[in-house]
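1. Just a sequence and a predicted model for now, questions to come.
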Amino acid sequence: MTLVPDRLDSFWAFVQERDRVYVRRAVGQPAPWTEDPVIRRYHFTNVHRRRDPGTEWIVARLDGTWPERAVLQATAYRMLNRVSTFEAAGLPELDDLDAWVDRVRALQRRGVPVGSARHMTFLGRTIRALETLVADPSIAARAMEAQTGVEIAEVLADLPGVKGFFAVQIAADLMTAALPERRAPYGSASGLGVGARSALRLMEGESVEVLRQTRIRRALEDMTGLSLVESLQLSVLILGQPKTLSEPLVCIDLEHSLCEWSRYVRLASGDYQWATRMERRA
């Protein structure tokens, strides 16, 4: 489980600089907020997951909802991942899913984007997942009875069209919302998505080229649970985080940051194959 020192230094340098960008923007400092050419050119979400605008939006609306409804709405949001869709159509309700689907399809017919190209979201599989949650309330109940974020993700990964990546994101949203049932394990890991696992492989010394050749993103897309080695690696990172961050990272933030750093390394190495939609938004 040895982490290569240079890669570890690169990770923490990225995390600290992205955090500084947030602070500089928050206090009203004019652009540019960084001299790092990759961070300046491309959009990276905040290293503290709860500060990401999309996460803030859905978490504010999940707080205080009952479990089944929270799972439905978190699943809908994360599988489309576009705030404007939900501002126009609202969030789905357990007893009125068909009406929500009609509103979203109406937006789509007018040519309004309803999903996120970055995360390859699709309305059809989102609807299938939501219909399954409504038809079988025990799925949401099992998710909310789970004791850790990993267990939540493992339950949700069985939903049609969800699999590993979205299951981890939905679990992280539910935990970040800090519903009463989830407050105790807030700092627990929610599982690892493809990007975070790729980052750990990079940190162990794997090359970007090897990751590309072995198609690790596809090979890992169904995996959510943490291995013992991965748990130890996350513990090492949590304990070794710099004190200069504006606030400490919890496990959810660390998973999030690993995914972003994986993109950062690939962009810095000239791997633009899947990065053309990542250009910094105005």
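-> It's in.

2. got any ranges where the stretch 151-282 of the chain has weak pLDDT?
-> Applying pLDDT under 70 to the stretch 151-282 of the chain flags the ranges 178-190, 212-224, 271-282.

3. residue ranges for the strands of it, please.
-> Using DSSP state E, counting those that start in this stretch, no strands are found in the stretch 151-282 of the chain.

4. Return the backbone torsion pair for Tyr42.
-> Dihedral angles of Tyr42 (phi, psi; degrees, to the nearest 10) stand at phi -110, psi 160.

5. Can you pull up the most central residue in this structure?
-> The centre of the chain sits closest to Gln169, judged by Cα atoms, centre = their mean, with a distance of 4.4 Å.

6. That residue touches Arg78, doesn't it?
-> Yes. At 4.6 Å, Gln169 counts as touching Arg78 under the criterion of Cβ atoms under 8 Å. In this view, the C-beta of every residue, glycine as well, is placed from N, C-alpha and C.

7. which residues touch the biggest helix by length in the chain?
-> In the chain, ranked by residue count with DSSP state H as the criterion, the top helix is helix 5-26. Helix 5-26 has contacts (Cβ atoms under 8 Å, 6 or more residues apart in numbering) with 33-34, 36, 39, 44, 46-48, 51, 199, 202-205, 237, 240-242, 244-246, 249, 257-258, 260-261, 264-265.

8. are any of the residues you listed buried, and which?
-> Those of the contacts of helix 5-26 that meet the buried threshold are 33, 36, 39, 44, 46-48, 51, 199, 202-203, 237, 241, 245, 249, 257-258, 260-261, 264-265, by 16 or more other Cβ atoms under 10 Å.

9. Which of the residues you listed fall in helices?
-> Short answer: those in helices (DSSP H) are Ile39, Ala199, Leu202, Met203, Leu237, Ser257, Leu258, Glu260, Trp261, Tyr264, Val265.

10. Thr121: which of those is nearest?
-> When these are compared for distance to Thr121 (Cβ to Cβ), Glu260 wins out at 18.4 Å.

11. Can you name the residues that contact the closest one?
-> Neighbouring residues of Glu260 by Cβ under 8 Å, 6+ apart: Phe14, Arg18, Phe44, Thr45, Val47, Gly195.

12. Same check on Pro137?
-> Pro137 makes contacts with Glu68, as judged by Cβ under 8 Å, 6+ apart.

13. Quickly list the domain ranges of this structure.
-> 5-48+189-278, 53-182 (automatic domain parsing).

14. Return the most buried member of those.
-> domain 53-182 (a mean of 19; mean count of other Cβ atoms under 10 Å).

15. And it, how far out from the chain middle?
-> 13 Å (Cα atoms, centre = their mean, to the nearest Å).

16. ok, now stretch 195-208?
-> Distance, centroid of stretch 195-208 to centroid of chain: 17 Å (Cα atoms, centre = their mean).
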